[in-house]
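Chemist: Just need the structure, nothing else, for what follows:
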Amino acid sequence: MANETVGEYALKVDRGIAVGNSPPPSNPDGRRRIHVYVANESGEPLPITVENMTSIEATSAEIINLSTPLANTEYSQLLPLNTKKFSLRVRGIATTRVAWVSGETATNYFTIPPGCTMSEDLVKLDTITVYLRTDKPSQIIEIQAWKQ
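Modeler: Residues are numbered from 1 along each chain as shown. Below you'll find the predicted structure:
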C-alpha cells in the first residue's frame, strides 16, 4: 500500500518501523512489521482518537426462528434493541433474499444461497427490521442476534 493523501492529511505507511515492543525492523520469524499513521503535510504524525470499543461489545444473545410457510412471500423480523452483531441462515435448502426496506425482497436484495450464512459484526443498531423471503415453502430462518 502506498501513501495516500486526503485533503491536507496523509495516510503514511512505514514498512521498517518497530511497533510496540517488537524488535526493529522485523520479527524473529523474519516478517516485517508495518506501521500506519495519519500525518500532516510536514509528515508529522497526528493523534487519532478511537471510539471506546466497549460501546460495541455484546453482553447477551437471542435466537429467533422465523417461520416462512409460503414461498416467495416477504416476512419481516424486528432485530432486538441494541443489536451489535447478527447472523441469518435458512435451516432448510432454500435461497433467501434479505432486504432492509419493505417490498425490496422482490427488487433490491442480498441473496443467501442454501447452506450459507449472512453475518454482520460491529454494528450499532438501536432497532431495525429485516425483510426476508425464501424460494421454497415451509422454511425456518434462524437469526442469532448479540446485543448489549
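Chemist: Using the record's domain definitions, break this protein down for me.
Modeler: 4-39, 54-147 (automatic domain parsing).
Chemist: now for these, which one comes closest to P45?
Modeler: Among those, domain 4-39 comes nearest to P45, with 4.7 Å by Cβ to Cβ. C-betas here are computed from N, CA, C, even on glycine.
Chemist: average model confidence for the closest one?
Modeler: For domain 4-39, the per-residue pLDDT values average out at 51.
Chemist: just stretch 127-134 next, same as before
Modeler: Throughout stretch 127-134, pLDDT has a mean value of 94.
Chemist: OK, contacts around L81?
Modeler: Going by Cβ atoms under 8 Å, 6 or more residues apart in numbering, L81 touches D126, T127, K147.
Chemist: For the first one, list the residues it contacts.
Modeler: What it means is D126. With contacts defined as Cβ under 8 Å, 6+ apart, D126 is in contact with L81, N82.
Chemist: right, and K85 touches Q148 too?
Modeler: No - taking Cβ atoms under 8 Å as the definition, K85 is not a contact partner of Q148, at 10.3 Å.
Chemist: More neighbours: those two, which one.
Modeler: Using other Cβ atoms under 10 Å, the more surrounded residue of K85 and Q148 is K85, with 18 against 15.
Chemist: Could I have the CA atoms of the strand or helix carrying that one written out in CSV?
Modeler: Here K85 is covered by strand 83-90, with elements defined by DSSP states H and E. Once non-C-alpha atoms are left out, strand 83-90 reads as follows in CSV (Å, rounded to 0.1, in the frame of the first residue of the first chain):
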residue,chain,number,x,y,z
THR,A,83,-28.1,-5.4,18.4
LYS,A,84,-24.3,-5.4,18.0
LYS,A,85,-23.9,-8.5,15.8
PHE,A,86,-26.2,-10.8,14.0
SER,A,87,-26.3,-13.8,11.6
LEU,A,88,-29.0,-15.2,9.3
ARG,A,89,-29.4,-18.6,7.7
VAL,A,90,-32.2,-20.8,6.5
